[in-house]
Each structure stands twice: as C-alpha cells, then as structure tokens.
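Undergrad: Predicted coordinates and the sequence they were generated for:
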Amino acid sequence: MNRLIGASLAQRFLVALLMLVLVGAGIRALERLPVDAYPDLSPPSVDIVTQWPGHTAEEVERLITVPVERGMTGIPRTTSTRSVSLYGLSDVTLNFAAGSDYAQDRQEVFNRLGDLELPEGTAPSVSPMSSPSGLIYRYVLESSDRTPTELKTFEDWVVEPQYRTVPGVADDSGFGGGTLQYQVLLDPLKLAGLGLTATQVQAALSANNANAGGGFYAQGGQFYYVRGEGRLRSLEDIGNVVLAVHDGKPVLVRDVGRVATGIAPRLGEFGYENQDDAVEGVISLRTGEKTQDVLKRVEAKTKELNERILPPDIKVHPFYDRSDLVALTVQVVRENLVRGMLLVVVVLIFFLYDVRAGLIVATTIPLALLFAFTCLDLQGASANLLSIGAIDFGILVDAAVVMAENIYRQIADREGESFDVIEVIRDAAAEVDRPLFYAVAVIVVSFLPIYVLSGPSGTLFKPMADTMVFALAGSLIVTLTLLPVLCSWLMRKGVRERRNAIFEAIKRAYARGLDLCLAHARGTIVATALLLGASLLLIPAIGAEFMPHLDEGALWVRATMPYTISFDESARITPQIRAILHSFPEVTTVASELGRPDDGTDATGFFNVEFYVALKPYDQWHGAYHDKDGLIAAINRKLAAFPGIIFNYTQPAEDAVDEAETGLKSALAVKVFGPDLATLEAKGKAIKHVLEHVRGIHDVTLVQELGQPSLSIVIDRAAIARYGLNVDDIDGLIQTAIGGDVATQVIQGEKQFDLVVRLDKPYRDGPEAIGDILVATPGGQQVPLRTLAQIRVTDGAAFIYRENDSRYIGVQFSVAGRDLAGAVEDAIAQVNRQVRLPQGYRADWGGEYSEYTASRTQLAVIVPLTLALIFLLLFTLYGNFKFPLITVAGVLLSAPVGGLLALWLTGTPFSVSSGIGFLALFGVSVQTAVVYISYVNELRRNGTPLAEAIREGAILRLRPIMMTALVAALGLLPAAMATGVGTDTQRPFALVIVSGLFTRLLISVFLMPALYAVVARPGDRLEV
C-alpha cells in the first residue's frame, strides 16, 4: 500500500487520467444499468394447467392432478409440488431451488408431458416463462360502441399476438368479455320426432367442415391446384348441414334447433371503473429480462396498436405500468442520496473547517459509486431500491476521512516551515494506510455473509451486498491513489488549521469524561455491560417479522364471498364494491377480476374477486387519511355493509408473490395435511375458531373444500340394459346435450371459433328439465332420462389442495397490530393446546412465518460467522488475540444498544432488513476501534508511555472517530427517516445503522480507552 501511494504521487497526471476514464466508464454503465423497484422474490416455478370442462374436483384430482404429480416426480432441483383441483381445472405447480436453470427445468417438464396418461381430449399446457411477480403491464380495451364480446375477439386475435412478439414479453393473458362461439341449440322434441340424437348432430357438423386437396393439373401451359372447399363460414352454412334423409327429404340442422352466435360459459368477468364487463390484458415479463427495457418496448407497441393496427374506435388504455413504480422508486432513491451526500459534505467541512479538505473527501463518493456501477454493468446485474438506496455515503468516505484528516493535520503542524508536500503526504498516508485497508476489509467482511442467505431474503439483499462491496472497493482505491494526489495539488502551499470553537468545547468536555473513565476503567466496562443488558431486555417488546412489506403505492383488495355463490350473484355484488372503493378521493382507478380467465391460469372460482386500486401519490393526500393503513381502515368500515364477505388487503406484486410462496391467496396460512377431506375440514374449522381469538390475528378464512352442490346423474345399469343402451350413450348425452361439446371450428380469416352443440337453455335448466330429456334407444324408442338414471343434488368438493403428494386444507389469516412472530407463535401454542390432530394428520405454518423462521436460523449462523471473520482479520492486523478481542468486545457492548432502542421507540419489529443492518453496523463500528487502537500502538512504538498513549491517542483521534461515525450515520439518515413508496425495506436497515452509530460513538470513545487500559501491558506486540 505504501508503494501504491508512492507510485500514485510519482505519477499524478496518470492517476488523474485513469480517474477520468473511470468517470466515463461509470457514466456509461449508469446509463445502461437496468433499474427495477424490487428484485423478484418468488421461487422459480413451472405451472402445468389442464382443463377438463364438466368434471368435478374429485374426478380432476384422481384422473389428472395425481397422474401429473407422479409423472413429474424426481425432476432435479424440485423443492416442492403443489396442486389445486377444482371443477374442470387442474393446476400443478413445481417449485425449484433458487438459482436453478429455469429453462432446463421447463424443458424437463416438457419432456415428461408426453409420457402422461390423461383422459382423452385433455391437453396439459405449461405456464409462460415468467415469475409470479412478473406482471408488469395491465391494460383495458376501450371502445364507445363495441360489445365486450367484440373487444374480447380483438384481444384474442389481434392484441395478444402483437404483444407476444415484443422481445422480453413472456405472455399476454386476456381477462373478461365473452368468448365468441357458434352454437347449435337443439330442441329435444324435434330431435325425438326425427329419431336423431345430439351426438349425431355433432358428428354431422364435424364431417361437414373440411376442405380437400385434389392435386393439380396443367392446361395451356398454366399450372392449377385442385381444391375442394367445404368449410363452414356462416350461420347459414351451419343451418344447411344435412343430418339425415327422411322420405327423400333432407333433415337440416336448422330443422332441429336454433343456429346462433353466443358466448362460452363464463368463468370470470373483468370490471373497470364504471364498466361492469370490460376486457383486460395482463402482460408478464420473461424471466431474466430487464423490466425497464421490456416496458419501453411494450409502450412502443401500445402506441403502434393505437395508431396503426387497431380500428380507430378501439384503444389500448394502460392502467398499471411497472415503470410508474420504478420512477417513484428512482425518485425516492435520488432524494435520499442527495440529502445524504449534502449532510456528509456539511459534516466534513464542519470538522475540518476547510472547504478544500471537505471537497477532496467528497470526491470519493461519486467515484466510488461510478466504480460500483461499472462493476455491476460488467456483471450484467440490475439495480433496485435496496441495492442503491441503502448505500451509505458516510461508510464510503470513512477511509477517505481518516486519510485526509491525517494529511491535513500533518501539513497544518508544519505551518510556517519549509517542507516537501509530497514527502509529508507520503508519511502521513503511511501512518494510516494499513489500518484503513483492514478497516475497509472488515466492513466488506460484514457484508459477505449476506451471500450465505437463501430464499427471498438472499434474493433481496445480495444485490445490495454486491453494490456495497464494489463501492467500498472503489472508495479504497480512490483513497489510496487519487486522494493523496488531490491533497498534493490543493494543499501544496500548506494549510492553516483554524480554531473550531464548538469542537474545542467538545474535546475539553471529552477529556474530563475520559479521565474519569480511565480512573475507573473496570467500572466503565461494567456500566456499559449493564447498559447493553438493559437494551437486550427490550427484545421481547420489539417483536419480529420476516420482512417489512414493500410499499407499491397501490392496493390489491381481495373479496372472499360464500364459496357456492353463482356467477350472476357475484357479478351483481362486484360493481357495488368497486363503487365504494372509488368513492375515496385518494383512489384514482379501480379494476376488478371476478373468477378466473378462460385459459385457467388462476385456479379460483366465482367466490373470489380481486380489485386493483390505484392511489394518488401520498403527497397529494389532503383528506382525513395520511397513510395507507388509515385508508384501509376507512375502506374496511364501508365494506362492512357486505356481511358474509371477507376482505383482505395487499398489493399487486406482493399478492402474486404471497400466492407463490403459500399456494393460497394469503401471505400467512396454516395447512392441515391428511387423506380425508371431511376430517381436514373439521380440523380446519377448529383451527379457524382458535385463530379468531388470538390477539393480532385478523381476516381468518378457511379455504372451504367441501359443500359444493352438484347435480348427480347416477346411471341405473339395469334400466339401460333393458333398453339396449350403454353407459357411454348416456355419458355422451350428458356431455354433448347438457354440457355442450365442441363439434368443430368455424374459421374466419386468421380467427377460429368453436362450434358447440347443446340443448337450448329451457331444456337443460334444472333437474326437472334434465330429467325430461329424451334418450333414443336402439329399438327406436324415446325414453326420458329420469327412467334411466337417478337425478339428485349432492354435495361434493369445491377444491382439493395438495402439496408433496398429500391433501391439505388451508386456514388463511393476516397479522395486524402485533409483530408477526409473536402473533403466530402465540397462535401455534393455542392451536397445539386446543386442537388434537388424528394419527396421519399434521399442521404446517407456512408463508411469511416459515420464511421468518428460516431467516432466523440463517442469521443465527451468519452473525457468529461474521464476528469470527472480523476477529480473524483483526488478528492478521495486530498479530495477537488481545487487541482483536477488545475490538470485538467493544463493538458487541456498544453497537447493539442504539439499534435496539431505535427499533423499540419506532415500533419497528426485528426483521431480516434490520438484522443485515446490525451486521453492517458491526463492520463500521470496528473501523473506529481500529483507528484508535492503531494510533495508540503507533504512539507506544514511538516511546510514549502507556497511560499517556491511551489518553493522548483518544483525544487526538477524537476528530477522525467522530467524523467517520457521524458521516456514516448521517449518510443514511434520510433513508432512516423516509416514508412512502419504496422506503419500507431499507428503513429498518438504515434505522439500525444510524441509531447504532450514534450510541456507539457516545459509548466507544470512553469504552475503548478503558478496554485498552485493562488489557494493555508493557510487552505487547504493537502492530499498526
């Protein structure tokens, strides 16, 4: 390091030139660096969706879900398999270990799909290559005169294909509007009179919809293709299809029923503002792509669609754009960085009382950041709120502060003398370069254990660790190269240390207190230990949680209605809820999603309605509510007008991640595993009852799996045998005539529409009508269905949830007014005491709580590992155990006090964010101890007596110690005090560091001399 500083001073212009190169590279990297609001916290997963219309949840589970689960067993890197089976739909989700090759995982799933033995007519599909939090753009199709069905057609055949061509877009999924169908609605009386069946009509339509190739011929030197065109093109074509010939007269389709266009049975409905039936598109980001880059392309495609592709009366109107959140995040980061930088510069100038010295030190900040941006760009990484917003400028300039202060003091001591400025700077730098290198190394080491974190906490904090490690490396390089060069230029004529009256008063007061502490060194240590013990008593009152919720500046409201509610009833209530949400002046846009989209990508029913609620920026809230919690409470009071409906409040991206984590519609849930659905439901109800009486537990919902009414047609085998019928004949009638079966497709240009055959509504609407359906027998008779089967209403399963080859039932809940860990652990204790599970059944508390317990276990390993690495580095620096021991002891006795006190005073639960803050705090705190111990050792090596060296070192190093601690604390002060979008995750991290450094400074300037006095002996090995 001495040689590096000497070489820099010998080649000053080369150093300046290299720094200009760094500036250019850093600016280019900053322009290229993608910025997102938050990293993707959801686990890598692949969804396998299989639709089987008309079949119950039990049939779907038995014949589709279980075979798919078993077919996927053994795929490498799979961590869990979850599934949900419901009416007509199976959704199997495979979760993979973090860091696995997502493309390879998907390919393995594709390879196994072909080996599955599933019912005829089913075709499993694999979800797009996107994560649950990859929803980056939502839009609605608007038109003044088009029907929802027409808009849905444009969405399916024009808009979605266009967006899917955009590089980086994984999928565009439509929601809402009716899917157009061509329908043949049969009259059973006419069918019976002509001796026909619905199955025959279906077969005739299928056989009368094809083109034929007739080869080619040549004539007159011209080449001609021969084509037979027989495809159905219109309602008239469909009506003219011949079904049979009676007495020489053809029987046409139109003779046995109505031919019309209609819509497929609704699985869901999308509402937007005052439109009850609108059409939405949801664009998802391909895994591994950069959000900002893809959003720019998507926005360009929106402009092209509106200006050149769609008819003039149809417009794509985006109402959710992740770039808005990114812009808010960047604004928050920019404001915090600017404020932090200004505070750091003010502190530097105050203590040094010299603008030149302050600006020299301040140059470290932008250069260190540009170095970090360059490294991130070379790494192909992206930036986010936490990785950039949690940068502490004070930590970055700490080494520069010590270096500049020592150079400044050495030059000032030679005021009025003739001296070689290069030589003075070289000697002054040599006094501190080694301890500075180790001090920065210690801070880097305090961030290294973050790389051991796994799961969401690792995903969230590793980019921050990357940024801080690169920035610290850059600051050290600048400190050892450019800073001495700048001092040689700007201080070449010498400096005069002017009197700072405020600091002089502080130093005099400190000297008196120091003498008292040194006179009672052991008592000082005991008093500090007692203070630490008192702060540790605050831990139970602080509480704990996994992570603060990331504020997205919007709400995602979920309404859970009675599980057996019909589409029509749910569609009647939904607009009323939407209107209440929109009645608040803080709300700008409200959209609702009832049920699930036609592609089955969200496995839910009509009971589930989700509302996207866009909010004004918080600085524009001038009403009675000034934060989101107040607004949610007011909304909840108004929505109490809907008894029997449970409302939950999250945020758009958070909701998707929560569902991916738990497999349920909640961030917190207890799952009861076991084989029997009735037993599961009974135990689920018992647990729900207990949870409802636990303090802090709210919004308790049982995912009710049983109680779905269904109309069962139980075939009487003896009866059908008497008429010469088979079960397949009855099943075909049920599927085609009642459920509706796709006979073929009608092609219009590039569009294809299903042609469905079924009975007209009056003949299949209810048990009586279904029982009257006539069944044609081989003997020519027409027999009512009720004579061949028992028709009765029964209860069955609405949903069947499975995880890792076992059924389970979920009890969802949220925590409010209490820390997560305290509330859930209290709930676990009460459930274990009051609910007994039979043999073969077990309960699992998942979601955020399982992430919390996992992160707590990881931190229990990481904190000792960090302290061990710091101790090892200090041992390398000092060559003995004595000084590393008092350094670590001094940090442990003083650093946690302020952090714990701040968490308690602000009501902030301990989380992974604050835990990482404590690790960073330990690293920064070691630096001030190293500065003091190294200087005392230097004084002792130069012959100063032990007691005098301890006292003189403390007084002479008070200024750099105060400067390093204060700039480090004030650099993060804006982040610790910030509120609003994008501040929640970084605030606990910053709060711990800021408050911890303040109390550490107040304690350590007295504690470290006391510790040194207790352990130091005349024969010590003195390394600096």
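TA: Yep, it's here.

Undergrad: Tell me how many other residues surround the closest residue to Glu117 other than its chain neighbours.
TA: Leaving aside its chain neighbours, Glu117 sits nearest to Pro67 (6.3 Å; criterion: CB to CB, 6 or more residues apart in numbering). In short, each C-beta sits where N, CA and C put it, glycine included. Other residues near Pro67 number 19, with proximity taken as other CB atoms under 10 Å.

Undergrad: Return the distance of Pro67 relative to Asp276.
TA: To Asp276, Pro67 is 40 Å away according to CB to CB, to the nearest Å.

Undergrad: Is there a neighbour count for Met72? I'd like the number.
TA: 19.

Undergrad: what sits against it?
TA: 48, 78, 81, 92, 94, 109, 112 (CB atoms under 8 Å, 6 or more residues apart in numbering).

Undergrad: What is the nearest of those to Asp413?
TA: Thr78 (67.7 Å; CB to CB).

Undergrad: now the closest one: how far from Val84?
TA: 18 Å.

Undergrad: ok, these two, which is more surrounded?
TA: Val84 (24 against 20).

Undergrad: hang on, the more buried one packs against Ala798?
TA: No: between Val84 and Ala798 there is no contact under CB atoms under 8 Å: 10.5 Å.

Undergrad: Run through the stretch 501-650 of the chain and note the low-pLDDT ranges.
TA: For the stretch 501-650 of the chain, residues meeting the criterion pLDDT under 70 lie at 548.

Undergrad: try it again with 90
TA: 501-504, 506, 538-554, 560-566, 596-607, 616-630, 633, 643-644, 646, 648-650 (pLDDT under 90).

Undergrad: all strands for it, in order.
TA: 554-560, 587-595, 608-615, 646-650 (DSSP state E, counting those that start in this stretch).

Undergrad: Redo the ones you listed as JSON lines? Include mean neighbour count.
TA: Listed next are the strands of the stretch 501-650 of the chain as JSON lines, based on neighbours: other CB atoms under 10 Å:
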{"stretch": "strand 554-560", "mean neighbour count": "21"}
{"stretch": "strand 587-595", "mean neighbour count": "22"}
{"stretch": "strand 608-615", "mean neighbour count": "22"}
{"stretch": "strand 646-650", "mean neighbour count": "19"}
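
Undergrad: State the helix or strand in which the residue nearest to Leu367 when sequence neighbours are not counted lies.
TA: In this structure, Leu367 finds its nearest non-sequential neighbour in Val478, 4.8 Å apart by CB to CB, 6+ apart. Using DSSP states H and E, Val478 sits in helix 455-480.

Undergrad: Over to Gly923?
TA: Following DSSP H and E, one finds Gly923 within helix 912-941.

Undergrad: Run through who's touching whichever helix or strand comes after that helix.
TA: Counting by DSSP H and E, the element after helix 912-941 in chain order, helix or strand, is helix 946-956. Contacts to helix 946-956, defined as CB under 8 Å, 6+ apart, come from residues 507, 510-511, 514-515, 518, 932, 935-936, 939-940, 944, 1005, 1008-1009, 1012-1013, 1016, 1018.

Undergrad: now do 7 Å
TA: 507, 511, 514, 518, 932, 935-936, 939-940, 944, 1005, 1009, 1012-1013, 1016, 1018 (CB atoms under 7 Å, 6 or more residues apart in numbering).

Undergrad: So what's the predicted local confidence for Val1015?
TA: As predicted, Val1015 sits at a pLDDT of 90.

Undergrad: need the contact list for it.
TA: Val1015 touches 882, 886, counting by CB under 7 Å, 6+ apart.

Undergrad: Could you measure from it over to Gly623?
TA: In terms of CB to CB, Val1015 sits 61 Å off from Gly623.

Undergrad: just Ala204 next, same as before
TA: With CB to CB as the criterion, Ala204 and Gly623 are 65 Å apart.

Undergrad: circling back to that earlier point, columns distance to Asn636 on top of the strands of the stretch 501-650 of the chain, output as JSON lines?
TA: As requested, the strands of the stretch 501-650 of the chain are exported to JSON lines (distance: least, CB to CB, whole Å):
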{"stretch": "strand 554-560", "distance to Asn636": "10"}
{"stretch": "strand 587-595", "distance to Asn636": "14"}
{"stretch": "strand 608-615", "distance to Asn636": "13"}
{"stretch": "strand 646-650", "distance to Asn636": "6"}
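
Undergrad: mind checking which of those strands is nearest Val863?
TA: strand 646-650 (31.0 Å).

Undergrad: Strand 608-615 and that closest one, what's the angle between them?
TA: 40 degrees (axes from the mean of the first three to the mean of the last three CA atoms, to 10 degrees).

Undergrad: Can you list the strands that strand 646-650 pairs with?
TA: With DSSP bridges as the test, strand 646-650 is paired with strand 554-560 (antiparallel).

Undergrad: Taking strand 587-595 as reference, get the angle to the strand it pairs with.
TA: 40 degrees.

Undergrad: sorry, back to before: show me the contacts for the residue nearest to Leu367.
TA: So Val478 contacts 364, 367-368 (CB under 7 Å, 6+ apart).

Undergrad: try Asp598
TA: 179, 267.

Undergrad: and it, backbone torsions?
TA: phi -60, psi -30 (degrees, to the nearest 10).

Undergrad: now swap in Leu537 and tell me
TA: phi -70, psi -20.

Undergrad: how close does it get to Leu531?
TA: 11 Å.

Undergrad: Tell me which of the two has more neighbours.
TA: In terms of neighbours (other CB under 10 Å), Leu531 is the more surrounded of Leu537 and Leu531; the figures are 16 against 10.

Undergrad: Test my guess that that one contacts Val897.
TA: Yes: applying CB atoms under 7 Å as the test, Leu531 and Val897 come out as touching, 6.0 Å apart.

Undergrad: Determine how far the helix or strand containing Leu342 lies from the middle of the whole chain.
TA: According to DSSP H and E, Leu342 maps onto helix 322-352. In terms of CA atoms, centre = their mean, to the nearest Å, the gap separating the centre of helix 322-352 from the centre of its chain is 25 Å.

Undergrad: now it against strand 554-560, angle please.
TA: 130 degrees.

Undergrad: other SSEs contacting helix 322-352?
TA: Applying 3 or more CB pairs under 7 Å, 6 or more residues apart in numbering; DSSP states H and E, we find helix 322-352 packed against helix 291-304, helix 355-362, helix 385-389, helix 393-413, helix 958-977.
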